[in-house]
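Participant: Quick one, structure for this:
(one chain, ligands or ions: 1)
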Amino acid sequence: MSAETTSIENKSEDARVMVWWDIDNTLYSANTKISQAMGEKIGAYFMTLGLDAKEAAELHLKYYTQYGLALAGLVRHHNVDPIDFDKKCDGSLPLESMIRPNVALRQLFLDIDRSKARVWALTNAYRPHAERVLKILQLDDLVEGIVFCDYAESDFTAKPEHTYYHKALAKAGITDPSKCYFVDDNRRNIDAARELGWGHCVHFCEAGLENVEGGQVRKIGVDREISTSNGVEVVSDLQELRTVWKEIFRNP
Ligand SMILES: [Mg+2]
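Facilitator: Next comes the predicted model:
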């Protein structure tokens, strides 16, 4: 399931399309409250910098907004060790008691016609968290590669920075972005993919539920998020992909 290994082997471009899945808050519902737990861990980490709660919250939101990932700001401006951050934040979440395998979701992955499509994950998490979530959800054997935010690199980037998408295509050996299918719960990530010509973008939007982004609780599905403009489809249930992307499923 190694992105690096796959890219090395991939000398000639694969004719199949690529289906990219975001992981967090896409492969499991916002009602798991994992984003709230994650937000609390990250907020506590900001306070270890000597900030009070208000300052920590402001900086957390600022970096999340600026870089797509609070950690990117912590590394760039506070010399934080990203591996230590990952251990204390994502790595300390009791995920095994928060999410469980989803039979219908596994069947959705099984029903993708692999003669037509490859299936990779595209996440802002570091590799251990990404692999852990996929394993708990029992999807790890159905995901062929993971493009993760590589905290071990000094200049790592994350969605929605365009550089991150360029790196993802390079890792997967894709030269034509129109062959990309992509589903993510974060509208900014989807809009960035559309700007880069990714062909089939779906915003997974559980309107009415709450999640935490950049340390702030927010209602999902407000403002432009539910818009289908710019060629973006919006779904509230991943099973709708069977219809939206019917050409890549075996049993439409
Ligand atoms: Mg997400």
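
Participant: Every contact and neighbour count from this point should use C-alpha atoms.
Facilitator: Will do.

Participant: Residue of the stretch 101-250 of the chain closest to the ion, please.
Facilitator: Asp185 (5.0 Å; CA to the ion).

Participant: so what's the residue lying closest to that residue once chain neighbours are set aside up against?
Facilitator: Counting by CA to CA, 6 or more residues apart in numbering, Phe204 is the residue found nearest to Asp185 once chain neighbours are left out, at 4.5 Å. Residues near Phe204 by CA atoms under 8 Å, 6 or more residues apart in numbering: 26, 183-186, 234-238.

Participant: Kindly recompute the last result at 10 Å.
Facilitator: 22, 25-27, 29, 183-187, 190, 221, 225-226, 233-238, 240-241 (CA atoms under 10 Å, 6 or more residues apart in numbering).

Participant: Mind listing the residues bridging to it?
Facilitator: Val235 (DSSP bridges).

Participant: How about the residues of the stretch 151-252 of the chain by the ion?
Facilitator: Contacts of the stretch 151-252 of the chain with the ion, taken as CA under 5 Å from the ion, map to Asp185.

Participant: now Cys89, nearest residue through space, not along the chain?
Facilitator: Leaving aside its chain neighbours, Cys89 sits nearest to Lys41 (5.1 Å; criterion: CA to CA, 6+ apart).

Participant: and the strand or helix carrying that neighbour, which residues are buried?
Facilitator: Lys41 is located in helix 34-47, with elements delineated by DSSP states H and E. Across helix 34-47, burial judged by 16 or more other CA atoms under 10 Å covers 34-47.

Participant: Ok, stretch 160-176 next?
Facilitator: Going by 16+ other CA under 10 Å, stretch 160-176 has these buried residues: 160-162, 164-165, 168-169, 171-174.

Participant: And the average pLDDT for that stretch is what?
Facilitator: Averaged over stretch 160-176, pLDDT sits at 97.

Participant: Please save the CA atoms from it in CSV.
Facilitator: C-alpha atoms of stretch 160-176 as CSV (Å, rounded to 0.1, in the frame of the first residue of the first chain):
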residue,chain,number,x,y,z
PRO,A,160,-5.7,22.6,-0.6
GLU,A,161,-2.2,23.8,-1.6
HIS,A,162,-1.8,23.1,-5.3
THR,A,163,1.7,21.7,-4.7
TYR,A,164,0.2,18.9,-2.8
TYR,A,165,-2.0,17.9,-5.7
HIS,A,166,0.9,18.1,-8.1
LYS,A,167,2.9,15.8,-5.9
ALA,A,168,-0.1,13.4,-5.7
LEU,A,169,-0.3,13.1,-9.4
ALA,A,170,3.4,12.6,-9.7
LYS,A,171,3.4,9.8,-7.1
ALA,A,172,0.5,8.1,-8.9
GLY,A,173,2.1,8.6,-12.3
ILE,A,174,-0.9,10.6,-13.7
THR,A,175,-0.3,13.3,-16.3
ASP,A,176,-4.0,13.9,-17.2
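
Participant: hey, where'd the strands end up in the chain?
Facilitator: In the chain, the strands defined using DSSP state E lie at 17-21, 117-122, 145-147, 180-184, 200-204, 210-213, 216-219, 233-235.

Participant: quick one: pLDDT of the residue nearest to Cys89?
Facilitator: Lys41 is given a pLDDT of 95.

Participant: just checking, it touches Ala70?
Facilitator: No. Judged on CA atoms under 10 Å, Lys41 makes no contact with Ala70 at a distance of 11.7 Å.
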